[in-house]
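Asks: pasting the sequence and the predicted coordinates here, then a few questions.
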There are 2 protein chains.
Amino acid sequence: MASNGHDNIPDIVIGRLPIYLRALNRLADDGQEITSSHELGQRLGISSAQIRKDLSHFGGFGKQGTGYQIEYLQEKLRKVLNIDREWEVALIGVGDLGKAIAHYRGFADRGFHIACLFDSDPAKVGQEIGDYTVQPMAALQQAIQDKGIRLAMLAVPVQHAQEVANTLVESGITGILNYAPINLTVPKHIQVQYIDPVVGLQRMTYYLED
Amino acid sequence: MASNGHDNIPDIVIGRLPIYLRALNRLADDGQEITSSHELGQRLGISSAQIRKDLSHFGGFGKQGTGYQIEYLQEKLRKVLNIDREWEVALIGVGDLGKAIAHYRGFADRGFHIACLFDSDPAKVGQEIGDYTVQPMAALQQAIQDKGIRLAMLAVPVQHAQEVANTLVESGITGILNYAPINLTVPKHIQVQYIDPVVGLQRMTYYLED
DNA sequence: GAAAAGCTGTTATAGTTTTCACATGAAGAA
DNA sequence: TTCTTCATGTGAAAACTATAACAGCTTTTC
């Protein structure tokens, strides 16, 4: 995983922070105010030691004898993850999947705002989805640069994914959430995360007896 | 990760096999017949040694001096992952997300067949989606048992996810692909995989300078 | 108010995963 | 044929990650 000016905190630790945050959100929803590494660990199937160790990379967020104040820990984790602000995201591809993404509340709820939509299909360009109008691919580079957008979600057919990814990189995007079932080749300062539900299913079938 | 009668092959290795398979699919689409651990590794950003070692857990699939025959390796990996057959999957929740899942071609293309749909909303029950009719939750247990379904995709609102998961487990489901942003608590013989795109985004923002 | 119980942060230890490096076999060139 | 090149599979070493264990601070109990 690419690393920039950051300290050398293992990427695997970073990957767990959003999971911790998600669990804290649930606890907070339930009205709970304090938790412990033990409780969190039980919920997540992770050892309490690991949680304490992960958090200790960023400072002491807890209190001996008491545990962690949930709201405070959420705040700290958001700060570490750089999500104590809103991020604008471009969405490329508004087929069934893209539309579902555009309508999904979970992004906005957690600070990711879909700020523009693009599709190469002339029949889709001009459609209104949510608050925005689908723009043609030709407008992509300009729009992204004008708005200073740095994150994109890629929901185009697999055949076009690499090509669109190249365009995104040229436009200044530095993080791509890729829904197409293909490994993208990108310069190493570009982050890519993959969403491929079939991978999840295949991983489970390995453990299923016939 | 739960492990059953299987050899003790690390779960992290199992997790990479679908990625290898996906890359092989792309190569095959391009008409290529042979590849090497080096080529695969370059595409995936993984060392060639790791690929060879991973594959070696399951036997020697390659040929020294030549590399791997793509079709043969695909076949072997499918066999290892238990996907040299079709799997039926239940889908619970047919909101925007569930509908997009139901329409997504990628599942059927890779051997996962959505065999029944459920929703608790009476307004949705009875709707036709794809080839199937949305059934009420009350019909879930019976339908899953009758069809012998073992995998489920969970696309219900986060508030109901744990409760529905409990029902699924009671019905005999042993693998859950969970789209709700919550960690499920399940007996340890149950597999769970999480699809939470926001986690992917949050993981990327960590590396973005302000 | 003293003792007990609870929980963090951290150092030391154990375990896992990745990389290295090379013996060995296959294919092609001379 | 013989030599060179290429690529696998694998044991050993290195790097990384997780667990265990405990000192020290907090809160609760009696």
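Replies: Perfect, thanks for sending it.

Asks: gap between A:His160 and A:Thr66?
Replies: A:His160 sits at a distance of 53 Å from A:Thr66 (criterion: CB to CB, to the nearest Å). For every residue, glycine as well, the C-beta is placed using N, CA and C.

Asks: the more surrounded of those two?
Replies: A:His160 (17 against 9; other CB atoms under 10 Å in any protein chain shown).

Asks: report the distance from the helix or strand hosting A:Arg78 to the chain centre.
Replies: For A:Arg78, the element it lies in under DSSP states H and E is helix A:70-80. In this view, helix A:70-80 has its centroid 17 Å away from the chain centroid, taken as CA atoms, centre = their mean, to the nearest Å.

Asks: and it, what does it pack onto?
Replies: helix A:11-29, strand A:34-35 (3 or more CB pairs under 8 Å, 6 or more residues apart in numbering or on different chains; DSSP states H and E).

Asks: B:Leu40 is nearest to which of the ones you listed?
Replies: helix A:11-29 (21.4 Å; CB to CB).

Asks: what's in contact with the closest one?
Replies: Helix A:11-29 has contacts (CB atoms under 8 Å, 6 or more residues apart in numbering or on different chains) with A:1, A:3, A:35, A:40, A:43-44, A:46, A:51, A:54-55, A:57, A:70-71, A:73-74, A:77-78, A:80-81, B:158, B:181-183, B:196, B:198-199, B:202-203, B:206.

Asks: can you narrow those residues to ones near DNA strand D?
Replies: When CB under 7 Å from any atom of the strand is applied, the members of these adjacent to DNA strand D are A:Ile46.

Asks: could I have the buried ones of the contacts of helix A:11-29 as PyMOL selection syntax?
Replies: Those of those that count as buried under 16 or more other CB atoms under 10 Å in any protein chain shown are selected in PyMOL with:
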select buried, (chain A and resi 1+35+40+43+44+46+51+54+55+70+73+74+77+78+80+81) or (chain B and resi 158+181+182+183+196+198+199+202+203+206)
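
Asks: and the residue of chain A that's closest to DNA strand C?
Replies: Of all residues in chain A, the one sitting closest to DNA strand C is A:Gly65 (2.2 Å; CB to the nearest atom of the strand).

Asks: could you look up the SS state of that residue?
Replies: coil (DSSP: H, G, I helix; E, B strand; the rest coil).

Asks: quick check: which ranges of chain A have low pLDDT?
Replies: A:1-6 (pLDDT under 70).

Asks: what's the distance between the closest residue to DNA strand D within it and A:Ile34?
Replies: Closest to DNA strand D within chain A is A:Gly65: 2.7 Å, counting by CB to the nearest atom of the strand. Remark: distance between A:Gly65 and A:Ile34 (CB to CB) = 11 Å.

Asks: more neighbours, these two?
Replies: A:Ile34 (16 against 5).

Asks: the more buried one against A:Thr66, yeah?
Replies: Yes - judged on CB atoms under 8 Å, A:Ile34 makes contact with A:Thr66 at a distance of 6.7 Å.

Asks: shared neighbours, those two?
Replies: With contacts defined as CB under 8 Å, 6+ apart, no residue is shared by A:Ile34 and A:Thr66.

Asks: chain A: strands as residue ranges?
Replies: A:34-35, A:68-69, A:87-92, A:112-119, A:128-129, A:132-136, A:151-154, A:175-178, A:191-194 (DSSP state E).

Asks: what's the most buried one of the ones you listed?
Replies: strand A:151-154 (a mean of 26; mean count of other CB atoms under 10 Å in any protein chain shown).

Asks: packing partners for that one?
Replies: strand A:87-92, helix A:158-171, strand A:175-178, helix B:197-205.

Asks: what's next to that strand, contact-wise?
Replies: Contacts with strand A:151-154, where a contact means CB under 8 Å, 6+ apart, come from A:87-93, A:101, A:112, A:114, A:144, A:161, A:164-165, A:168, A:173-180, B:197, B:201, B:204-205, B:208.

Asks: again, 7 Å this time
Replies: A:87, A:89-93, A:101, A:161, A:164-165, A:168, A:173, A:175-180, B:201, B:204 (CB atoms under 7 Å, 6 or more residues apart in numbering or on different chains).

Asks: pull the CA atoms of it into CSV?
Replies: Backbone C-alpha positions of strand A:151-154 (Å, rounded to 0.1, in the frame of the first residue of the first chain) are rendered in CSV as follows:
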residue,chain,number,x,y,z
LEU,A,151,-11.7,10.5,-4.7
ALA,A,152,-13.7,8.5,-7.3
MET,A,153,-16.0,5.5,-7.3
LEU,A,154,-15.7,3.5,-10.4
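
Asks: partners of it, with directions?
Replies: Sheet pairing for strand A:151-154, assigned by DSSP bridges, gives strand A:87-92 (parallel), strand A:175-178 (parallel).

Asks: got JSON lines for the ones you listed, with distance to A:Ala123 too?
Replies: Formatted as JSON lines, the strands paired with strand A:151-154 follow (distance: least, CB to CB, whole Å):
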{"stretch": "strand A:87-92", "distance to A:Ala123": "16"}
{"stretch": "strand A:175-178", "distance to A:Ala123": "24"}
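
Asks: can I get those strands in CSV with distance to DNA strand D?
Replies: Compiled in CSV, the strands paired with strand A:151-154 are given as follows (distance: least, CB to the nearest atom of the strand, whole Å):
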stretch, distance to DNA strand D
strand A:87-92, 26
strand A:175-178, 20
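
Asks: from what I can see A:His38 touches A:Gln50, true?
Replies: No - applying CB atoms under 7 Å, one finds A:His38 not in contact with A:Gln50, separated by 11.5 Å.

Asks: kindly report the domain assignment for chain A.
Replies: Following automatic domain parsing, one finds the domains of chain A at A:11-80, A:87-199.

Asks: for those domains, give me CSV that also has distance to B:Thr133.
Replies: Shown next, in CSV, are the domains of chain A (distance: least, CB to CB, whole Å):
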stretch, distance to B:Thr133
domain A:11-80, 33
domain A:87-199, 19
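
Asks: grab the nearest non-local neighbour of the residue nearest the centre of chain A.
Replies: Nearest residue to the geometric centre of chain A (CA atoms, centre = their mean): A:Leu177, 6.9 Å. Nearest non-adjacent residue to A:Leu177, counting by CB to CB, 6 or more residues apart in numbering or on different chains: A:Met153, 4.6 Å away.
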